[in-house]
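Colleague: got a sequence here, can you build the structure:
(chains A and B)
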Amino acid sequence: DTGVSQDPRHKITKRGQNVTFRCDPISEHNRLYWYRQTLGQGPEFLTYFQNEAQLEKSRLLSDRFSAERPKGSFSTLEIQRTEQGDSAMYLCASSLSRPANTGELFFGEGSRLTVL
Amino acid sequence: DQQVKQNSPSLSVQEGRISILNCDYTNSMFDYFLWYKKYPAEGPTFLISISSIKDKNEDGRFTVFLNKSAKHLSLHIVPSQPGDSAVYFCAATESRNYGQNFVFGPGTRLSVLP
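Modeller: Here you go, the predicted model:
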């Protein structure tokens, strides 16, 4: 399988605990994105990497959220001191660094977070 | 403030007929638009896109129309098939934006009835 993979697929945690999600993009893709999706909404942009550099962060990404892509390959998204409002599907996507008028993102299946 | 709107949460169409999914946007800086399809328990998959220099793009059964003056786009599926039943997201971006921050609409659930 050469698509975007995410782990774990589902995480249930208690409020106040820390959680970490991992994303492995398509190997030749140098751009990596994190999105969050809640019920009845479309994906909301969280952050974006070009290789190992985090180039853009949404204001949705509070201080409790941190994302890394240390070697320009896989990425992790950590949420500290989880709150019930963090319950959502966390989607990772990757793409090649193309001219903007192609713009196709390849999404993983997502990591669903449930905060009790 | 929703910059990309899909005002129909759901749509039901008979197999073989045309499905028309609509999308409106408010940000006049958006110049590239995409449609994604999502099945349950899967991530969204790219369907078709259109640049603001065009008003129509066609790919097989799927055609996207863009009306820049109305800030409106639509996805036409002809003929509709049961396998097209999914949630469809409209997305938009400013191509000058280095990060290509894609803004997604809330989605429309399409049900194609046999």
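
Colleague: where does chain B come near chain A, residue by residue?
Modeller: By Cβ under 8 Å from any Cβ of the partner chain, the residues of chain B that approach chain A are B:4, B:6, B:9, B:32, B:34, B:36, B:41-46, B:49, B:51, B:89, B:91, B:93, B:95-107. Heads up, the C-betas are built off the backbone N, CA and C, glycines and all.

Colleague: 7 Å instead, please
Modeller: Within chain B, the positions adjacent to chain A are B:32, B:34, B:41-44, B:46, B:49, B:51, B:89, B:93, B:95, B:98-102, B:104-107 by Cβ under 7 Å from any Cβ of the partner chain.

Colleague: host element of the residue nearest to A:Asn51 when sequence neighbours are not counted?
Modeller: Distances taken as Cβ to Cβ, 6 or more residues apart in numbering or on different chains place A:Gly72 nearest to A:Asn51, at 4.0 Å, with adjacent residues excluded. Per DSSP states H and E: A:Gly72 is located in neither a helix nor a strand.

Colleague: is it true that A:Gly72 touches A:Gln54?
Modeller: No - using Cβ atoms under 7 Å, A:Gly72 is not in contact with A:Gln54; the gap is 11.2 Å.

Colleague: ok, now how distant is A:Leu60 from chain B?
Modeller: Look at A:Leu60 and chain B: by Cβ to the nearest Cβ, to the nearest Å, they are 11 Å apart.

Colleague: before we move on, the earlier item: filter the residues of chain B next to chain A down to the buried ones and hand me the PyMOL line.
Modeller: Taking 16 or more other Cβ atoms under 10 Å in any protein chain shown as the burial criterion, the selection of buried members of these in PyMOL is written as:
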select buried, chain B and resi 32+34+43+44+46+49+89+93+95+99+100+102+104+105+106+107
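
Colleague: burial count for the residue nearest to A:Asn51?
Modeller: Neighbourhood size, A:Gly72 [other Cβ atoms under 10 Å in any protein chain shown]: 14.
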